[in-house]
Structures are given as structure tokens and as C-alpha cells.
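Asker: quick one, structure for this:
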Amino acid sequence: MTRFGAVDCGTNSIRMLISDVRQVDGVLEITELHRVMEIVRLGEGVDASGTLSDAALSRVREALTGYVELMKAENVAAVRMVATSATRDASNREEFFGMTRELLSPWGAEAQVISGDEEAALSFRGAVDDHSPEEGPFCVVDVGGGSTEVIVGDYDGTVHGSVSVPMGSVRLTERFLAHSPPTEKQVAAARRYVATQTATVAEEVPVAESRTIVGCAGTYTTLSALAQGLETYDPESIHMSTLRFDALRSLNRSVLATDKATLAENPVMHPLRADVFAGGVIVIDGIMDMVESIAGDGRSRRNAPPLEFHISEKDILDGIVAGLADEHLETFEARVR
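Answerer: Next up is the predicted model:
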């Protein structure tokens, strides 16, 4: 048994997963120990300024310091940290990487900027883990703060197509949604922008091949909690739940009509997610528009993608842990033997 740590620092949040991994008859058995998340808004203002703010860097340092202390206490053997949209866009990103290099020095690690394609592949590997191969091909949609990754592939990891597009909850909120709740004009402008990005997705990714559409990350999981009427955020109830497009559109209209203070009062809503939640909802509306267009584009319903999302609590973190296991597991277990 070997213990691995994965850290993902995105535009909106920083998250960590610690898991035990062993190989049994050639199959990885992964046991989750800790999964934590803090909203640090690293990408705050990056879309406009092109730089990471001192306040955002300070928030990341505080959160990552806590993660490092927990990983040390849990005797984690190897760590990988990835950084995504916000750091790809920032001119002062070396301040961020120097800080991660310092804090992750016990493992000789530092944050790595990964491409949109790798981000999609890691999210895909994690998101489909609890599905069966027969449910594929899968279309995994990972809505982040600054970007959205869409990947179509098989359970075994064979990729049919993937793309990362610059639309996310923070990016849309900062660029279009100045009021809460947003005005009709602001929502319309955001929808037009999203439509240009989903057109790129439709051109580059064979969404029509998919049999199961999986949604992962905080906007999807929070929508599932709201749709179920949960009294607390319960990952077990959310994971593998299903959101039908028709019901989800009704919920999304309600979200867009609600101000951020009222959203934050709901016990399933992280209070620091409430102010960018409308942006994420508009992204998901655009994904549904794209899928419905593909489904109605002269194809029979039997061959069209289903009009529902399967929600996954597993995501890029689980993909990172699996990748660490592929790379290091045999070496660490040989040392133990």
C-alpha cells in the first residue's frame, strides 16, 4: 500500500486528495482518505489585468501550507500538484511557482502548468472511474473557474477528441455579470460568448459518439445538491446522481434570478462560490444547447447523446493519483518488500 497526494489549483479553488493505492491482480485499488477544497480565487482579476494579485497568492499560500502539513502527517510518499487556467494566463506566474516549490520541497515537487488537453485527460480518467465500460463512449465536461474541458473517450482511456475552451464561472462573472442577479442584457451577452466557445467544442470533439455525459467539478455537484433538495452538501448523494436537461433548465433559471446573498444562504452552497455560480450555470446552459443541437441535427434519437448529465464527485484529482500510481507504485512497493 502506497499513499499519494494530488493537488489541483485552478482559477477558483485549490483542492487536495490523499489516497492509498495498491495493485491487486494487475488492477489498481484506490482508497480515498482525505478530499478537501478551499476557494482561494487565484484567478481573481487575471482576465483583465493579466497578473496574479498579492492577495490571491497569499490565500493560496495559506491553503497549501495546511495541505502540506496534512500530507506530512499522513506520510504521503509522492505528490503532484497541477495548475491550470489562471496560471497559464498570468505574467507573474513565477511568483506562484516559486511559492509551491518552497512548500512542496519535502517531495521535490512544484506546481506544474498542464495543457488543456492533459487537464481534460486527467479529469476524464477520474470522472469515469465508477462507471462501467459498457456505458461508454463517455463525454466528460469539467467546468472550472477559467476554462471548461470537454473530452470524449472510452473507459480504457482511448480518447476520441478533447478540447479546452476559455469559459468558466469566474471568467464569465468578471467579464459579463456585473450585477447580482445579472440583468437580462448581461446574461444574453454571456450566452453569446458561451455559444462561440461551444461551437468550437462541437467542431473539435465528437460529442455525438457519446452514450453517457458526465459532469464534474463544483458547479455541477452543487446543482445536483440543489436539485435533490439536500440539507447539507453530501458527496455520497451527489456522486453518480443524474440531472435531466429539462429539469436542470428550470433550476438554472431560478439560480439566474437569485442574488448571490440568497444563494449563499443555502447550506449546500459554498459561500465563496455563490458570487460566481451564475457564470457556471450559463456555461452549463450552453453545453446543454450544444448537445440538444447535436441530438436534433438530423440524427435519430437512438444514436444521439442522452439529454442528461451523470454527476461525478471524482475528477482531475483522482486522475492525478492514478497517474502517480502508474509512475511510482512498483518502485515504492519494491522498497517495502
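Asker: mind listing residues that contact the lowest-mean-pLDDT helix or strand in the chain?
Answerer: Using mean pLDDT, DSSP states H and E, helix 85-89 stands out as the lowest-scoring helix or strand of the chain, at a mean of 71. With contact meaning C-beta atoms under 8 Å, 6 or more residues apart in numbering, helix 85-89 is reached by 9-11, 42-43, 46-47, 50, 52, 93, 96-97, 111, 113, 144-147, 166, 168, 171. The way it works is simple: take the backbone N, C-alpha and C, and place the C-beta from them, glycine included.
Asker: which members of those are classed as buried?
Answerer: Buried subset of the contacts of helix 85-89 (neighbour count, 16 or more other C-beta atoms under 10 Å): 9-11, 42-43, 46-47, 52, 93, 96-97, 111, 113, 144-147, 166, 168, 171.
Asker: thinking Gly294 is in contact with Ser210, fair?
Answerer: If you look again at residue 294, you'll see it is Ile, not Gly. No. At 9.5 Å, Ile294 does not count as touching Ser210 under the criterion of C-beta atoms under 8 Å.
Asker: do you know how far Val40 is from Thr2?
Answerer: Distance from Val40 to Thr2, counting by C-beta to C-beta, to the nearest Å: 29 Å.
Asker: the residue most central in space within the chain: what's it in contact with?
Answerer: Centroid-nearest residue in the chain, with C-alpha atoms, centre = their mean: Ala217, separated by 3.7 Å. Applying C-beta under 8 Å, 6+ apart, we find Ala217 in contact with 123, 142-144, 315.
Asker: which ones among the residues you listed are found in strands?
Answerer: Per DSSP state E, strands hold the following members of those: 142-143.
Asker: quick check, distance from the least confident helix or strand of the chain to the centre of its chain.
Answerer: Taking C-alpha atoms, centre = their mean, to the nearest Å, the mean C-alpha location of helix 85-89 is offset from the chain mean by 15 Å.
Asker: with just CA atoms, put that helix into CSV.
Answerer: Written as CSV, here are the backbone C-alpha positions of helix 85-89 (Å, rounded to 0.1, in the frame of the first residue of the first chain):
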residue,chain,number,x,y,z
SER,A,85,-6.1,28.3,-16.4
ALA,A,86,-5.2,31.2,-14.1
THR,A,87,-1.5,30.5,-14.0
ARG,A,88,-1.4,29.8,-17.8
ASP,A,89,-2.6,33.4,-18.3
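Asker: so which bits of that helix are buried?
Answerer: Within helix 85-89, the residues that count as buried by 16+ other C-beta under 10 Å are 85-89.
Asker: contacts for the helix or strand that that helix is followed by, please.
Answerer: Counting by DSSP states H and E, the next helix or strand C-terminal to helix 85-89 is helix 93-103. For helix 93-103, contacts defined as C-beta under 8 Å, 6+ apart pick out 9, 42, 52, 57, 60-61, 64-65, 68, 81, 83, 87, 90, 109-111, 113.
Asker: mind running it again at 6 Å?
Answerer: 52, 61, 64, 68, 81, 87, 110-111 (C-beta atoms under 6 Å, 6 or more residues apart in numbering).
Asker: let's have these in CSV, adding distance to Met288 and secondary structure.
Answerer: CSV is the format used below for the contacts of helix 93-103 (distance: C-beta to C-beta, whole Å; DSSP: H, G, I helix; E, B strand; the rest coil):
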residue, distance to Met288, secondary structure
Leu52, 33, coil
Arg61, 38, helix
Leu64, 35, helix
Val68, 39, helix
Met81, 33, strand
Thr87, 30, helix
Glu110, 38, coil
Ala111, 33, strand
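Asker: farthest-apart pair in those residues, please.
Answerer: Maximum pairwise distance among these (C-beta to C-beta): 19.7 Å, between Leu52 and Val68.
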